[in-house]
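# any chance you could fold what I've pasted below:
(chains A and B)
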Amino acid sequence: AQSVTQLGSHVSVSEGALVLLRCNYSSSVPPYLFWYVQYPNQGLQLLLKYTSAATLVKGINGFEAEFKKSETSFHLTKPSAHMSDAAEYFCAVSAASGYSTLTFGKGTMLLVSP
Amino acid sequence: DAGVTQSPTHLIKTRGQQVTLRCSPKSGHDTVSWYQQALGQGPQFIFQYYEEEERQRGNFPDRFSGHQFPNYSSELNVNALLLGDSALYLCASTLRGSSYEQYFGPGTRLTVT
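Alright, predicted model coming up:
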């Protein structure tokens, strides 16, 4: 069984500030981990993925995440927030073997103020 | 290269009715998954189709059924609609063996009144 916990339903930052969105996972098997972004009234866009290669993963739009097995975490960061980063972010986990079904967290809404 | 497409974009139905949602996967993808995203929640896995068969199913009642066609496109059917079925329904496609990266469509917003 797998689950994802995203700490904080809303995170507010100022433009130019560090973005940190937290994700902890639980998995009985080696996991693949993903971060998706969802803009209003749109589907999900993949930001980055961890698939058992490098533990520090770089994605699109300047985002990166680090897989920490000992902490069962996969936090998303960006050094400097832009207004265009305001959206909802979802962390997801799938098993590294078997079928590619995703288990999502409840999401974190990122608010960016000028 | 066309991405995942879904139709219709929006749909309004009455309790007890039946609905069919459609999905065309990304070119070259052979596996289709469906997710339900209720307002303010993360997406929840409904089922996955591969080679025209349901390969895995989430915790959804039998009122939810699907189909995959030889061209890999897929349908999601929901019978006896309940108010709680109101949600954004997302389709995602995957290429088998691609590190499980799923590409999502824009979704169908279903409102049940």
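# where's residue 89, which helix or strand?
As the question left the chain open, I've gone with chain A. Using DSSP states H and E, residue A:89 sits in strand A:87-95.
# chain B, not that one
Short version, using DSSP H and E: residue B:89 is in strand B:87-94.
# quick check: mean pLDDT of that strand?
Across strand B:87-94, the average pLDDT comes to 95.
# what about it and chain A, touching?
Yes: looking at strand B:87-94 against chain A by Cβ under 8 Å from any Cβ of the partner chain, the contacts come from B:90, B:92, B:94. C-beta: built from backbone N, CA, C; applies to glycine.
# which elements pack onto that strand?
Counting contacts by 3 or more Cβ pairs under 8 Å, 6 or more residues apart in numbering or on different chains; DSSP states H and E, strand B:87-94 packs against strand B:5-7, strand B:19-24, strand B:31-37, strand B:74-78, strand B:103-104, strand B:108-112.
# out of those, which one sits most buried?
strand B:31-37 (a mean of 25; mean count of other Cβ atoms under 10 Å in any protein chain shown).
# name the surrounding residues that touch it.
A:100-102, B:23, B:25, B:43-50, B:55, B:60, B:66, B:68, B:72-74, B:76, B:87-96, B:102, B:107 (Cβ atoms under 8 Å, 6 or more residues apart in numbering or on different chains).
# any idea how far apart the tips of stretch B:68-76 sit?
9 Å (Cα to Cα, to the nearest Å).
# should've said stretch A:81-91
End-to-end span of stretch A:81-91 (Cα to Cα): 19 Å.
# neighbouring contacts of that stretch?
Contacts of stretch A:81-91 (Cβ under 8 Å, 6+ apart): A:4, A:6, A:13-19, A:21, A:23, A:25, A:33-40, A:44, A:47, A:61, A:74, A:76, A:78, A:104-105, A:107-112, A:114, B:42-43.
# let me see the contact set for the closest residue to residue A:73 other than its chain neighbours.
Ranked by Cβ to Cβ, 6 or more residues apart in numbering or on different chains and with sequence neighbours excluded, the top spatial neighbour of residue A:73 is residue A:24, at 5.2 Å. Counting by Cβ under 8 Å, 6+ apart, residue A:24 touches A:4, A:5, A:7, A:71, A:72, A:73, A:74.
# pull out the buried residues from the strand or helix carrying residue A:24.
Taking DSSP H and E as the criterion, residue A:24 maps to strand A:19-27. The neighbour-count check on strand A:19-27 (16 or more other Cβ atoms under 10 Å in any protein chain shown) flags A:19, A:21, A:22, A:23, A:24, A:25, A:27 as buried.
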